[in-house]
Structures are given as C-alpha cells and as structure tokens.
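Undergrad: Show me the folded form of this:
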Amino acid sequence: MSWFYDEERERIAADPTKALNIKYVPSTRFWFEEGLPHYQIIQLFVAYWHYTILISFLYILTVFGIQKSMARRKPMNLKWSLFAWNGSLAVFSIFGAIRTLEEVFNTVYYHGLYKGLCYGYEPSSMAAHWYLFFAVSKFVELGDTVFLALRKKPLTFLHCYHHCTVMVYTFHAGSEVMGMGRWFMGMNFIAHSFMYTYYAIMSVGIRLPRGLAKFVTLVQLLQMFVGLAVSLSANVVKHVLHMPCQQSLQNLYLSYAIYASYAVLFLQFFYQRYSNKSKRE
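TA: All right, here's what the predicted structure looks like:
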C-alpha cells in the first residue's frame, strides 16, 4: 500500500537486506536485545503497517464508548494502578533512552553525521531490537487514554491525535529501516522519561512545582522542532545533494506533516496553559 511509487520503499519491501545500515555492537548486550528475526519483522511492517490506521479508529471508538459508559458513574480511583502504569513506562523510557542514545552517539562519532542521518540500523543489532520495543510501546501507550476516560478527566484533541499519529508513523518508518528513526526514537524516549516520571509522582498525590510541568512541556515542544530539523536535513541530503539516504519521499512528507502539526498544537497548549493571561484567569 503506497500513495505513489517510491523507489526507496519498493527496494526495501523487495529485500530488506539491501537497506543502507550501520551495525553498532555495544560492550554489553542483554538477553532481550538479540535473537529476534528482524528481516521477517521488517517485511511484516511493510505488509501491515497501514493496519495501525484501523487500530487508531478503533481506539477512538473505544474511548468514546468508555466515556459514554462512565457518564452516570463516579470517576474510578485508580491511584496505585496509575502509579504502576506511569512508573513502568518511565523505567522503560529511561532505559530505552540510555540504550538508543548510546547507539546515536557512537554512530555520529565514528561514522559522521551524514551516516547517522541516512543509514538505518542493521536489522539484527541491539538498536533494531529497541526500535521494535519502541513500536510495540506505541500500542501500549494507548492505555494512557483509557486511564483518563475511566477517571473522567478531560480528553483533548492533542492527546488523542498525538497517540494515534505517533503509532501510525512509527510503524510506517519501521517498514523502511530509515536513518532518521534513531533520532526520533531517542528524542521520544527522552521526552517520555521526564513525562512518565512526572506523571508517576503526581499520580500518588505528591504535588510538584508548576515549573516542572512547564519543563516537561518545553522538552516535548523542543522534540517537535528538532524533528522538523532532522526531516529537513534528510531532505536536503537526498534531494538537493543527491547522496544515498535510507529515506523515502513518502515517509518524509509524513514526518513534515506530523511534526509541524505537533509543533502548532503544543505551542497552542503551552500558550493556553502557561501564558500570563491563563495565570490570571
């Protein structure tokens, strides 16, 4: 399934072994960071990534269903369940950030920024395993919305849109073994390390300074602008300098669309929540 013919996507779909990639071998590798059949997994991503669009629609319908069923009920007290949920995702994000950023720094230091931007992961590498874990976590994180709905907390367009589109884009990108993925994944792990740690602490009733919430939002906002910069850099390398780059035009358009929309929505959220006007109100 593709919107138009894209030579890069067709090449990877036909044979993932021909993808431009770099293999980083860490000094320590855990048992869960090896052994998965990644060439077969990539082909599954190629064949089925678009099903995440269907899952997104089902997610929205499920959330509306929960909200309707909770309309005449009291909000559920999920204090410790929510702490366990956010705490688990915080630990996962922190460990993921450590492991993936190790690969990013090593790739850029030893191979240069160009290959760090345009060469993907070698499919059997530690980093490729973490990309798979990252992709699966996008399904898991849909549970954030379930907790909000069961507790009868407000659901914003930004929240639901972000969860849906991140999942779709992650699987689309995974089908290409693209070089930009290391940057997007590393940034997301960093942002979620702060975010889920903050939510875990807040979920047990500990009040944190308002400035910390502002800091978390700023980290998320910075992620969007860096994402746009990375996408623009890959575009220049491939379509202006005409250098080999593991990046399809289709995925590049997607990255522009989602990061630009995230930047606008997070800027709007930041202004509404932290501007002097909102403080007075």
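Undergrad: Three-state assignment for the residue lying closest to Pro75 once chain neighbours are set aside, please.
TA: Excluding its sequence neighbours, the residue lying closest to Pro75 (CB to CB, 6 or more residues apart in numbering) is Lys152, at 4.1 Å. Every residue, glycine included, has its C-beta placed from N, CA and C. Three-state assignment for Lys152 (DSSP: H, G, I helix; E, B strand; the rest coil): coil.
Undergrad: in terms of contact, does Lys152 touch Leu78 like I think?
TA: No - look at Lys152 against Leu78 with CB atoms under 8 Å: they stay out of range, at 11.0 Å.
Undergrad: Below-threshold pLDDT in the stretch 151-281 of the chain: ranges please.
TA: 276-281 (pLDDT under 70).
Undergrad: coming back round to it: so what's the residue count around the residue nearest to Pro75?
TA: Taking other CB atoms under 10 Å as the criterion, the count of residues near Lys152 is 15.
Undergrad: cool, Val25 as well?
TA: 9.
Undergrad: you'd agree it is in a strand?
TA: No - secondary structure of Val25 (three-state DSSP): coil, not part of a strand.
Undergrad: Just list the residues touching it, thanks.
TA: 125-126 (CB atoms under 8 Å, 6 or more residues apart in numbering).
Undergrad: Would you mind measuring from it to Leu101?
TA: For Val25, the distance to Leu101 equals 16 Å [CB to CB, to the nearest Å].
Undergrad: can you give me the helices for this protein?
TA: Secondary structure of the chain, counting by DSSP state H: helices at 7-14, 38-48, 51-69, 79-118, 126-140, 143-150, 157-174, 181-203, 210-239, 249-274, 276-280.
Undergrad: now the ones you listed in CSV, with mean neighbour count?
TA: As requested, those are exported to CSV (neighbours: other CB atoms under 10 Å):
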stretch, mean neighbour count
helix 7-14, 16
helix 38-48, 17
helix 51-69, 14
helix 79-118, 17
helix 126-140, 20
helix 143-150, 18
helix 157-174, 19
helix 181-203, 21
helix 210-239, 17
helix 249-274, 16
helix 276-280, 8
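Undergrad: which one of those lies closest to Asn21?
TA: When those are compared by CB to CB, helix 126-140 sits nearest Asn21, at 8.6 Å.
Undergrad: measure Thr170 to Leu212 for me?
TA: 27 Å.
Undergrad: That should have said Asn77, apologies.
TA: 24 Å.
Undergrad: rewinding a little: let me have the helices of the chain in CSV, extended by distance to Arg29.
TA: Shown next, in CSV, are the helices of the chain (distance: least, CB to CB, whole Å):
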stretch, distance to Arg29
helix 7-14, 25
helix 38-48, 14
helix 51-69, 29
helix 79-118, 10
helix 126-140, 6
helix 143-150, 29
helix 157-174, 21
helix 181-203, 17
helix 210-239, 27
helix 249-274, 29
helix 276-280, 48
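Undergrad: and Trp31, which of those is closest to it?
TA: helix 126-140 (10.6 Å).
Undergrad: what does that closest one rub up against?
TA: Contacts for helix 126-140 (CB under 8 Å, 6+ apart): 24-26, 29, 32-34, 36, 38, 41, 45, 55, 89, 92, 96, 99-100, 103, 121-122, 163, 166-167, 170-171, 174, 177, 181-182, 185, 188-189.
Undergrad: gap between it and the chain center?
TA: 9 Å (CA atoms, centre = their mean, to the nearest Å).
Undergrad: Cheers, nothing more for now.
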